[in-house]
Every structure is written in structure tokens, then in C-alpha cells.
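Student: need a 3D model of the following:
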Amino acid sequence: MELTIQGHGWEISRRFEEYVHKKADRLDRYLPGVEDMRVEVTRQSAKDDAAKSLQLTIRRKRTLLRVEEQDADLFKAFDTALDKMYHRIARYKGRRVDRKRNAALPAEDAELAVAEALPIDISADEAPEEQRVVRVKTFAVTPMSVDEAIEQMELLGHDFFVFRHSDDDAVKVVYRRKAGDYGLLQPEK
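Tutor: Got it, this is the predicted structure:
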């Protein structure tokens, strides 16, 4: 597993790097096949006691798991993000177990099997509810540029917009980020 620790506007201490490496070594036991793990730390202000935003991303084959946490204490932010990641892994593994067994086990048994393997306590009230599609929308996907897609998204008042790019005829998605700027999702070639 490749581990990358990056600080934006912030110098990462050797002590924090060692702490992350120690905790990251355990992660492979709960989710085998992790290709890389990325920890990004962004400082919100120049003050030492200001909140730091920590983003933890794990890439595994065709799966991407990401959590984000903010705290003034970097170690506490990492521990909280790691706990969130364990919950995200439990949900991911639970869904895979359900799909593989084609609902042969009741949902409670599948969650128990996953919960026993993870270092977290998933109580019944925290267990994810069954998700289902309640509405299906169809729409025409017309060729347009990224700027036109952003304009269309703003006109609709949505946070994302699916479109076909006029240059390469690929289906792409533009979305509004928390910071107020925009992102573009496009399939790998």
C-alpha cells in the first residue's frame, strides 16, 4: 500500500507522519487490497490553534472511499477521520456481502459478520438503512462545453449537471464544490 501525506499551507511533522504510518498498517487487515491511502491536511488559518481540515482517501481497485474531518488537533482529526473510514468500510463490505449472497442471509447477520471484523462498534441505530430508488428522471444529454454545462447547472439551481462534452463526445459531470468553485468528473480512458 502506497501512503501519501500532504500538507497544504502546513508543514507536516515527522511525529504525525509516524503516527499515520502506524495506524495505516492496521487498515490493510480490515480492507485487503488497498492500493493507496492519501492524507491531505489543509490549514484554515495562520494561527496554530486554528482548525485544520484533514481528508483521508483510500483507493482500492475500482473503489474510492473518502472522509473529511476538521479539528484544531491534527492527531484527533486523523483519529476521528479513521473512525469514520472504518464505518464507511463496514457499509461498503456489508453491501458487497449482501450482493454476493444475493440476500441469502438476513441483513442483521451480514452486518454482524462485517462488524466482527472491524475495530468499531456498529449498533443497530447506526446501521445503514436499506437504500432504494424512489424516483427516476430521464433527460436529453446534449453536446456542450464545460462552461455551458456550468451555466446550465446554475440556471437549474442544481449542485451537479450531467452532459456530453462537445470535444470528445464523452459523458461528464460538473459539480459545485463546498468552497464555491467547480469540479469536473470524467471517465478514465
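
Student: avg pLDDT for the host helix or strand of Asp83?
Tutor: Using DSSP states H and E, Asp83 sits within helix 74-101. Per-residue pLDDT over helix 74-101 has a mean of 81.

Student: could I get the buried residue list for that helix?
Tutor: For helix 74-101, burial by neighbour count (16 or more other CB atoms under 10 Å) applies to 74, 77-82, 84-86, 88-94, 97-98. C-beta: built from backbone N, CA, C; applies to glycine.

Student: where do the helices of this protein begin and end?
Tutor: Counting by DSSP state H, the chain has helices at residues 14-30, 74-101, 107-117, 146-156.

Student: the residue nearest in space to the middle of the chain and Met85, how far apart?
Tutor: Central residue of the chain (CA atoms, centre = their mean): Arg66, 2.1 Å from the mean position. Distance, Arg66 to Met85, using CB to CB, to the nearest Å: 9 Å.

Student: re earlier: how much space between the residue nearest to the centre of the chain and Phe78?
Tutor: 14 Å.

Student: cool, His21 as well?
Tutor: In terms of CB to CB, His21 sits 11 Å off from Phe78.

Student: now for Leu3: which residues touch it?
Tutor: Val20, His21, Ala24, Asp36, Met37, Arg38, Val39 (CB atoms under 8 Å, 6 or more residues apart in numbering).

Student: once you drop chain neighbours, what's closest to the fourth one?
Tutor: In space, Asp36 comes closest to Glu2 once its chain neighbours are excluded; the distance is 4.0 Å by CB to CB, 6 or more residues apart in numbering.

Student: so what are the domain limits for the protein?
Tutor: Segmentation of the chain into domains, based on automatic domain parsing, reads 2-117, 143-185.

Student: weakest of those domains in terms of mean pLDDT?
Tutor: domain 2-117 (a mean of 79).

Student: would you mind measuring the gap between the ends of stretch 132-143?
Tutor: 31 Å (CA to CA, to the nearest Å).

Student: quick check, distance from it to the centre of its chain.
Tutor: 24 Å (CA atoms, centre = their mean, to the nearest Å).

Student: residues in contact with that stretch?
Tutor: Contacts for stretch 132-143 (CB under 8 Å, 6+ apart): Val162, Phe163, Arg164, His165, Ser166, Asp169, Val171.

Student: just among those, which is most surrounded?
Tutor: Within the contacts of stretch 132-143, neighbour counts (other CB atoms under 10 Å) peak at Phe163, which reaches 22 neighbours.

Student: check contacts around the closest residue to that one other than its chain neighbours.
Tutor: Here the nearest residue to Phe163 in space, its sequence neighbours aside, is Ala149; by CB to CB, 6+ apart that works out to 4.3 Å. Contact analysis of Ala149 by CB under 8 Å, 6+ apart lists Phe161, Phe163, Lys172, Val174.

Student: shouldn't the last one be in contact with Asp147?
Tutor: In other words, Val174. No. Applying CB atoms under 8 Å, one finds Val174 not in contact with Asp147, separated by 9.4 Å.
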